[in-house]
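1. Give me coordinates for this.
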Amino acid sequence: MKKGDIVIMPGETILEDSTMSVGIVIEPQLPEHPKHVLLRWLDSDIDDIEPRDWLQVVGNIKQWKGTISELYMFSDL
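-> Coordinates of the predicted model:
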C-alpha cells in the first residue's frame, strides 16, 4: 500500500440504503502501529487508523488525476 491508494473494506457489513466505504491512504506505514494504515474514508471528515489486512486496494488517485482535472474544467466550480 502507498499514499494515494484508493481502498475498500471487503466483507464490510453494508446496511440497507448505504453504500460501500471507500477511502484514500494518507500514510501507509505507522511506526506506532506497524500493521495499520492511516486513511480518510470519503464519507468522513476525520482520519482513521485501520488494519492493513482488512483493506483492498482498488486504484490510486494518480490514475484519475487527468479525469479529475477534466471534471473541474467543465464544471461550474
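
2. Listing request: residues of the protein with sub-threshold pLDDT.
-> Within the chain, the segments meeting pLDDT under 70 span 63-77.

3. hey, where'd the helices end up in this protein?
-> For the chain, the helices defined by DSSP state H cover 65-73.

4. surely D5 meets N60?
-> Yes - using CB atoms under 8 Å, D5 makes contact with N60 at a distance of 5.3 Å. Where C-beta positions appear, they are placed from N, C-alpha and C, glycine not excepted.

5. out of these two, which sits in the busier spot?
-> Comparing D5 with N60 by other CB atoms under 10 Å, the one with more neighbours is D5, at 21 against 17.

6. For the nearest residue to I46 once chain neighbours are set aside, which residues are in contact?
-> Nearest residue to I46, sequence neighbours excluded (CB to CB, 6 or more residues apart in numbering): R40, at 7.7 Å. Listed by CB atoms under 8 Å, 6 or more residues apart in numbering, the contact partners of R40 are G23, I24, I26, I46, D47, D48.

7. one more time with 6 Å
-> I24, I26, D47 (CB atoms under 6 Å, 6 or more residues apart in numbering).

8. want to try TSV for the residues you listed, with distance to Q56 and neighbour count as columns?
-> Formatted as TSV, these follow (distance: CB to CB, whole Å; neighbours: other CB atoms under 10 Å):
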residue	distance to Q56	neighbour count
I24	14	16
I26	17	14
D47	19	12
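
9. Which strand residues bridge the spatially closest residue to E27 that is not a sequence neighbour?
-> With sequence-adjacent residues excluded and distances taken as CB to CB, 6+ apart, E27 is closest to L38, at 4.0 Å. Here L38 sits in beta bridges with E27, I49, as judged by DSSP bridges.
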